[in-house]
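Undergrad: A structural model of the following input is requested.
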Amino acid sequence: MTKAREVLVIGGNRYVGKRVIDRLLAAGDRVTVLNRGSSPPPPGAVHAIGDRNDGTALAEAIGTRAFDVVLDQVCYTPRQAALARRVFAGRTGRYVMTSTVEVYEREHSAALVTESAVEPGAVAVDLELPWHDAEFLEEHYGEGKRQAEAVFSAGGPELPFASVRVAHVLGGEDDFTGRLGHYADRIRTGSPIAVPPSVHPATYIHVEEIADLLCWAAGEDFTGPVNAASHGLLTLDELCAAVAAHFPGGKAVFEVTESDEVSPFAFRRRYPMDNSRAARLGFSFGEVGQWLPTAVAETLGKDV
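TA: So this is what the prediction gives:
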């Protein structure tokens, strides 16, 4: 009989995170969920309460426990990474951080972007930036993730580290982002959809698929970053067409603007992710075109 793993999930008790926790519990893992007490974990998981932004509180919440795997769903800054690295180094078999496609936001590539475009070891870290400021953090989301990866990757053998760079996530009736709702409202009412002069396609992943991939990554032994994106690119036209299919006679009306305020997924730069590393390591991706209609229907509460 395979020994149950001790798994710690930091944050992420909704949307993707709750799916990951459910999968881990179903697999027989002993799961502890760490958050600030805002929401209890699902039945079967242990609840650890602590502030991951406070090194002392984080250490007290964990106590003397050791973990086979830590899945960090909510690391956004190098400061958070530095605190976690200090607490978990030497007593964690594997540390997996949920990262983002936005680490590539400086890229503009005609080809699919591989993990080597952003090497964590080459990223400069600045712990003195105002990472505590919510507005600064929102404006520097990709940079915060880049630097967090860099901090963890410098941990060496005392903290085996992998990052999962997640494409734009779609699907689920519990999608709280409102991004597909933005398009549904405008298509239903005929209101304009603000886009930049040039809009580029992007890579996406279904919410169930990324939950599968994170659980898969927890059980592997690779280190470094992996891109997580379904096969195929999706244009904004295709996304809007999938939404419009639920509103007879509705269509997307685009309004070009030079303003920074544009609609979700209206990307000025082209940095679609190459998923071949994860595929070579053994994960099987779906095709974005196959799951898109279901994803839109789930979120909008419509029939496929």
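Undergrad: hmm, V113 is touching S276, no?
TA: No: applying CB atoms under 8 Å as the test, V113 and S276 come out as separate, 11.2 Å apart. (Each C-beta comes from the backbone N, C-alpha and C, glycine too.)
Undergrad: these two: who's more crowded?
TA: Under the criterion of other CB atoms under 10 Å, the comparison of V113 against S276 puts V113 first, with 22 against 14.
Undergrad: can you report phi and psi for G90?
TA: phi 90, psi -10 (degrees, to the nearest 10).
Undergrad: OK, contacts around it?
TA: By CB atoms under 8 Å, 6 or more residues apart in numbering, the contact list for G90 reads 158-159.
Undergrad: element containing A295, please.
TA: Taking DSSP states H and E as the criterion, A295 maps to helix 288-300.
Undergrad: I should have written K3 there, sorry.
TA: Short version, using DSSP H and E: K3 is in no helix or strand.
Undergrad: and the pLDDT at it?
TA: Per-residue pLDDT puts K3 at 79.
Undergrad: tally of neighbours for it?
TA: Around K3 there are 8 residues (other CB under 10 Å).
Undergrad: ok, M97 next?
TA: Residues lying near M97 (other CB under 10 Å) number 27.
Undergrad: phi, psi for it please.
TA: phi -100, psi 130.
Undergrad: give me the distance between it and H246.
TA: 36 Å (CB to CB, to the nearest Å).
Undergrad: cool, and Y141?
TA: From Y141 to H246 the distance is 30 Å (CB to CB).
Undergrad: those two: which has the busier surroundings?
TA: The residue with more neighbours, out of Y141 and H246, is H246; 18 against 15, by other CB under 10 Å.
Undergrad: which element is that one on?
TA: Residue-wise, H246 maps onto no helix or strand under DSSP H and E.
Undergrad: does it really touch L180, like I thought?
TA: No: if you go by CB under 8 Å, H246 and L180 don't touch, sitting 10.2 Å apart.
Undergrad: tell me, what's touching these two both at once?
TA: Joint contacts of H246 and L180 (CB under 8 Å, 6+ apart) are 296, 300.
Undergrad: can I assume L8 sits in a strand?
TA: Yes: per DSSP: H, G, I helix; E, B strand; the rest coil, L8 lies within a strand segment.
Undergrad: any idea how many residues pack against it?
TA: There are 24 residues near L8, going by other CB under 10 Å.
Undergrad: that one and A66 touch, don't they?
TA: No: counting by CB under 8 Å, L8 stays clear of A66, with 9.7 Å between them.
Undergrad: just the CA atoms of stretch 177-187, as CSV, please.
TA: Extracted C-alpha coordinates of stretch 177-187, given in CSV (Å, rounded to 0.1, in the frame of the first residue of the first chain):
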residue,chain,number,x,y,z
THR,A,177,-13.4,37.0,-12.2
GLY,A,178,-16.4,38.4,-14.2
ARG,A,179,-14.4,38.3,-17.4
LEU,A,180,-16.7,36.2,-19.5
GLY,A,181,-19.6,38.1,-17.9
HIS,A,182,-18.1,41.3,-19.3
TYR,A,183,-18.5,40.0,-22.8
ALA,A,184,-21.9,38.4,-22.1
ASP,A,185,-23.3,41.8,-20.9
ARG,A,186,-21.9,43.7,-23.9
ILE,A,187,-23.0,41.2,-26.5
